[in-house]
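Chemist: build the 3D model from these lines:
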Amino acid sequence: MKWFKVFTLIGLTAFGAVESSAAVSQAERDALMALYNSTDGDNWYDKTKWGDGDPCENAWGKVICSDDDSTITILTLYSNNLSGSIPAEIGNLTNLTALYLNGNSLTGSIPAEIGNLTNLYGLHLESNQLSGSIPAEIGNLTNLTALYLNGNSLTGSIPAEIGNLTNLKWLNLFSNQLTDSIPTEIGNLTNLEDLSLNNNDLTGSIPAEIGDLTNLYGLHLESNQLSGSIPAEIGNLTNLAALYLNGNSLTDSIPVEIGNLTNLTALYLNDNSLTGSIPAEIGNLTNLKWLNLFSNQLTGSIPTEIGNLTNLEILFLDNNQLTGSIPKEIGNLTNLQYLYLHDNQLTGNIPKEIENLLNLKVGYLKLYNNCNLYTDDPDTQAFIDEKSKDGYQYILDTNSNDCAVIITPIITYLLF
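Modeler: Numbers count the residues shown, from 1 in each chain. Below you'll find the model as predicted:
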């Protein structure tokens, strides 16, 4: 109570010992001022009372203190126009539970001293201009549940010590310039719900240990330089709702175990070098809305089981080497808005059931550049003409046996 503090101070004055029992330590105050001076504090959007007395008693802006005002527990300096570097003195704020420096213009490296903040639950440094490597000392922060370093210019490898952070639920390192392979120690993070390593320069194979992360809802490894096969262990991730492996150099076939991921709503394997056929087990993924397998080297026919995916809105199988006919079961996909089967080696009569796809957007039915793919039904032809229209009208040649010239694009000018 304030009256009690005043009474105490008056009493202590009589003995020449005026000192608040709740004052923040000098080391913590100095650490805050080092941060202020190192990050152009004079130009912060909110710098209320910074440098004025005790940070807690005087309520410095963006500083949250313990109930007794004796220590600093949270810094909320996100989107506050910080520029410059994070000082080593940040490591003296050892009672911090959350550090928000995201959404600023911070440069330089992440200081190793950040590893002293062992009480942290959340570390947010995303959306800055930080460079250098991720310090191994970050592995000391074993209480962390959220680590966000995305949207910087970090280089080097992901340290193996990150595997010490066994309480992590969210690990976001995407949109940096990280290199080398994904450490196998990542498999220790069994509480992870979201793992986002996308948009880096990671190489090597996807470690089998990733299959130990059975609490994952989202796995984002897209837009790297990963190679090798998709590990069968990925089928252990039965809680996954989103799997993004696109934009890598993955090879070999799609593992049949992918059919175990029955909670998936988004599956992106496009822009790789995958071979073999589309496994029939993909028909188990009845919650899928987006299935992208385009721009691979897939062969064989489109499995009839694809007709089980009645929630699909996007089906992109284009730019592969698929053969055989379009299965009539594709007509079950009545929620489809986009159907791309172009640039394959498909043949035969287009099934009349394609007319069931009434939700297809005009211009987003693409069947061109296939082998002897035709229709002899005028209603089906009319449906294809309507849904294929996007500045081109695709006329199906029913007589050609030439794989290279089957659907002839004729430029038309649409009048609206």
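Chemist: excluding chain neighbours, give the residue nearest to Leu154 in space.
Modeler: Asn176 (4.1 Å; C-beta to C-beta, 6 or more residues apart in numbering). Using the backbone N, CA and C atoms, a C-beta is placed for each residue, glycine as well.
Chemist: for Gly139, give its distance to Ile210.
Modeler: As judged by C-beta to C-beta, to the nearest Å, Gly139 and Ile210 stand 19 Å apart.
Chemist: settle it for me: which of the two has more neighbours?
Modeler: Ranked by neighbour count (other C-beta atoms under 10 Å), Gly139 and Ile210 place Ile210 first, with 22 against 18.
Chemist: how about stretch 43-51: buried residues?
Modeler: 44, 47, 50 (16 or more other C-beta atoms under 10 Å).
Chemist: quick one, what contacts the residue nearest to Leu154?
Modeler: 149-155, 199-200 (C-beta atoms under 8 Å, 6 or more residues apart in numbering).
Chemist: export those residues as JSON lines, with columns for secondary structure, distance to Asn272 and pLDDT.
Modeler: Output for these, formatted as JSON lines (DSSP: H, G, I helix; E, B strand; the rest coil; distance: C-beta to C-beta, whole Å; pLDDT from 0 to 100):
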{"residue": "Leu149", "secondary structure": "coil", "distance to Asn272": "26", "pLDDT": "98"}
{"residue": "Asn150", "secondary structure": "coil", "distance to Asn272": "23", "pLDDT": "98"}
{"residue": "Gly151", "secondary structure": "coil", "distance to Asn272": "25", "pLDDT": "98"}
{"residue": "Asn152", "secondary structure": "coil", "distance to Asn272": "27", "pLDDT": "98"}
{"residue": "Ser153", "secondary structure": "coil", "distance to Asn272": "26", "pLDDT": "98"}
{"residue": "Leu154", "secondary structure": "coil", "distance to Asn272": "25", "pLDDT": "98"}
{"residue": "Thr155", "secondary structure": "coil", "distance to Asn272": "25", "pLDDT": "98"}
{"residue": "Asn199", "secondary structure": "coil", "distance to Asn272": "16", "pLDDT": "98"}
{"residue": "Asn200", "secondary structure": "coil", "distance to Asn272": "16", "pLDDT": "98"}
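Chemist: quick one: buried ones out of those residues?
Modeler: For those, buried by 16+ other C-beta under 10 Å: 149-152, 154-155, 199-200.
Chemist: how about the residues you listed in CSV, adding distance to Asn263?
Modeler: Shown next, in CSV, are the buried ones among the contacts of Asn176 (distance: C-beta to C-beta, whole Å):
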residue, distance to Asn263
Leu149, 28
Asn150, 24
Gly151, 28
Asn152, 31
Leu154, 31
Thr155, 35
Asn199, 24
Asn200, 26
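Chemist: the residue lying closest to Thr203 once chain neighbours are set aside: neighbour count?
Modeler: Of all residues not flanking Thr203 in the chain, Gln225 sits nearest, at 4.9 Å (C-beta to C-beta, 6+ apart). By the criterion of other C-beta under 10 Å, Gln225 has 13 neighbours.
Chemist: how near is Gln225 to Asn140?
Modeler: Gln225 is 30 Å from Asn140, by C-beta to C-beta.
Chemist: what about the closest residue to Asn128 other than its chain neighbours, neighbour count?
Modeler: Using C-beta to C-beta, 6+ apart and skipping residues adjacent in sequence, the residue nearest Asn128 is Leu106, 4.1 Å away. By the criterion of other C-beta under 10 Å, Leu106 has 23 neighbours.
Chemist: ok, Trp44 - contacts?
Modeler: 36, 50, 77, 80-82.
Chemist: mind pulling the model confidence for it?
Modeler: Trp44 is assigned a pLDDT of 98 by the prediction.
Chemist: would you quantify the distance from it to Ser38?
Modeler: Relative to Ser38, and taking C-beta to C-beta, Trp44 is found at 12 Å.
Chemist: check Gly211 too.
Modeler: 43 Å.
Chemist: and the residue nearest to Leu154, that's in a strand?
Modeler: No. Asn176: not assigned to a strand; according to DSSP: H, G, I helix; E, B strand; the rest coil it is coil.
Chemist: which pLDDT value does the model give it?
Modeler: 98.
Chemist: re earlier: need the buried residues of stretch 43-51 in CSV with distance to Thr238 and secondary structure, can you?
Modeler: What follows is those, written out as CSV (distance: C-beta to C-beta, whole Å; DSSP: H, G, I helix; E, B strand; the rest coil):
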residue, distance to Thr238, secondary structure
Trp44, 46, coil
Lys47, 49, coil
Trp50, 49, coil
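Chemist: next, the nearest residue to Pro111 once chain neighbours are set aside: phi, psi?
Modeler: Distance criterion C-beta to C-beta, 6+ apart; nearest residue to Pro111, sequence neighbours excluded, is Ala88 at 4.7 Å. Ala88 adopts backbone torsions of phi -60, psi -30, taken as degrees, to the nearest 10.
Chemist: which residues does Ala88 contact?
Modeler: Contacts of Ala88 by C-beta under 8 Å, 6+ apart are 111-113.
Chemist: show me the contacts of Trp44 that map onto strands.
Modeler: Among the contacts of Trp44, no member is found in strands (DSSP state E).
Chemist: looking at those residues, which is nearest Ala23?
Modeler: Trp50 (16.5 Å; C-beta to C-beta).
Chemist: wait, the closest one sits on Gly61?
Modeler: Yes. The pair Trp50 and Gly61 passes the contact test of C-beta atoms under 8 Å, sitting 6.7 Å apart.
Chemist: isn't Leu243 right next to Asn270, touching?
Modeler: No. If you go by C-beta under 8 Å, Leu243 and Asn270 don't touch, sitting 11.9 Å apart.
Chemist: stretch 162-171: which residues count as buried?
Modeler: Applying 16+ other C-beta under 10 Å to stretch 162-171 flags 162-165, 167-168, 170-171 as buried.
Chemist: any stretches of the stretch 301-416 of the chain with poor pLDDT?
Modeler: 390-416 (pLDDT under 70).
Chemist: how does it look with 50?
Modeler: 391-402, 404-416 (pLDDT under 50).
Chemist: nothing else from me, thank you.
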